[in-house]
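Engineer: build the 3D model from these lines:
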Amino acid sequence: MREQLERRVGRPQGGREGLYSLRLGYSEIPRRLSDTASTPFLGTGGAVLTLPAGFPAVDTAAMPLATTLQRVDLGYNRKRYDLGATWLGSDHWSYSVAWRQDVRDGTQRTSGSFFSSASHLVAPLDQATNQLELSTSYADHGLHKLLDLGVWWRDETGLPLPLGVVAARRDLDRLDDVSDVLRAAIDAGLANRDEALGYAAAFGRGIDAATADEFVAMYVNDLTLDMGDRGRKAVALLLDSEPDFV
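Structural biologist: Below is the predicted model:
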């Protein structure tokens with residue numbers, strides 16, 4: 001397979017110190033799955049596939065593959081758009097808003113089967129996801145801790161604090177593949193921690209490297225790969241309890 005890396009990245013920033021900051025971001029990363037694949041199907045990359053004359057046949061030898069196979073590129077472009085702003089309010093409060101859109105456009109592999117027959121197909125890929133994050137924080141100076149919920153949870157339960165989970169419907173197609181891809185991505189991040197933190201720093205809204213490292217460690221660790229029995233027990237307990245101090 002021929003690898004074509006045409007990555008484009010841009011992250012301009014601006015603002016006025018002590019008042020506000022603005023962030024823009026754009027990245028385009030191609031994912032080339034194969035440039036040596038071929039198919040007899042007509043309409044590849046579209047929603048409807050058809051077979052040319054001579055199909056179906058009694059067996060593979062009888063199929064007119066020599067005259068019908070056509071080369072097809074498998075792959076897609078992933079584009080990411082980012083827009084964010086942070087501004088300082090009164091009494092040491094700061095406010096942030098961040099928007100991100102991910103777009104994937106191209107083709108991907110899929111397959112279909114009918115009784116004892118199966119085919120690998122070229123399917124169109126046209127996906128877009130949007131993420132909006134709003135947050136507010138109090139400046140470091142003038143902050144007085146009343147209660148650390150993480151410490152409270154640990155002292156009360158002896159279990160890890162569930163900060164978030166990735167969930168999917170059980171009837172989702174290719175659920176095992178989704179799980180494998182997520183695990184591979186997390187493994188890659190943990191194995192290349194410094195590079196991953198360097199990339200994430202662009203979205204850290206100005207926090208220092210030590211704070212970013214501590215923050216990421218809370219969300220991405222061995223429990224992210226496998227929560228185990230202790231993690232499941234912690235989730236069940238959290239969903240079935242109310243803190244006494246509320």
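
Engineer: do me a favour and average the pLDDT over stretch 73-81.
Structural biologist: Summarised as a single mean, pLDDT over stretch 73-81 is 88.

Engineer: buried residues in it?
Structural biologist: 73, 74, 75, 76, 77, 78, 79, 80 (16 or more other C-beta atoms under 10 Å). Using the backbone N, CA and C atoms, a C-beta is placed for each residue, glycine as well.

Engineer: for stretch 57-68, same thing?
Structural biologist: Buried residues in stretch 57-68, defined by neighbour count with 16+ other C-beta under 10 Å: 63, 68.

Engineer: and that stretch, how far from the chain's centre?
Structural biologist: On the basis of C-alpha atoms, centre = their mean, to the nearest Å, stretch 57-68 sits 41 Å off its chain's mean C-alpha point.

Engineer: I'd like to know which elements the lowest-mean-pLDDT helix or strand in the chain is packed against.
Structural biologist: Ranked by mean pLDDT, DSSP states H and E, the weakest helix or strand in the chain is helix 209-219, scoring a mean of 76. Here helix 209-219 touches helix 193-200, going by 3 or more C-beta pairs under 8 Å, 6 or more residues apart in numbering; DSSP states H and E.

Engineer: what about dumping the CA coordinates of the helix it packs on to PDB?
Structural biologist: Below are the C-alpha coordinates for helix 193-200, written out as PDB (Å, rounded to 0.1, in the frame of the first residue of the first chain):
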ATOM      1  CA  ARG A 193       2.500   9.800  26.900                       C
ATOM      2  CA  ASP A 194       4.800  12.800  26.300                       C
ATOM      3  CA  GLU A 195       3.700  13.200  22.700                       C
ATOM      4  CA  ALA A 196       0.100  12.800  23.600                       C
ATOM      5  CA  LEU A 197       0.400  15.500  26.400                       C
ATOM      6  CA  GLY A 198       2.200  17.800  24.000                       C
ATOM      7  CA  TYR A 199      -0.700  17.500  21.600                       C
ATOM      8  CA  ALA A 200      -3.300  17.900  24.300                       C
END
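
Engineer: fine, thanks again, bye for now.
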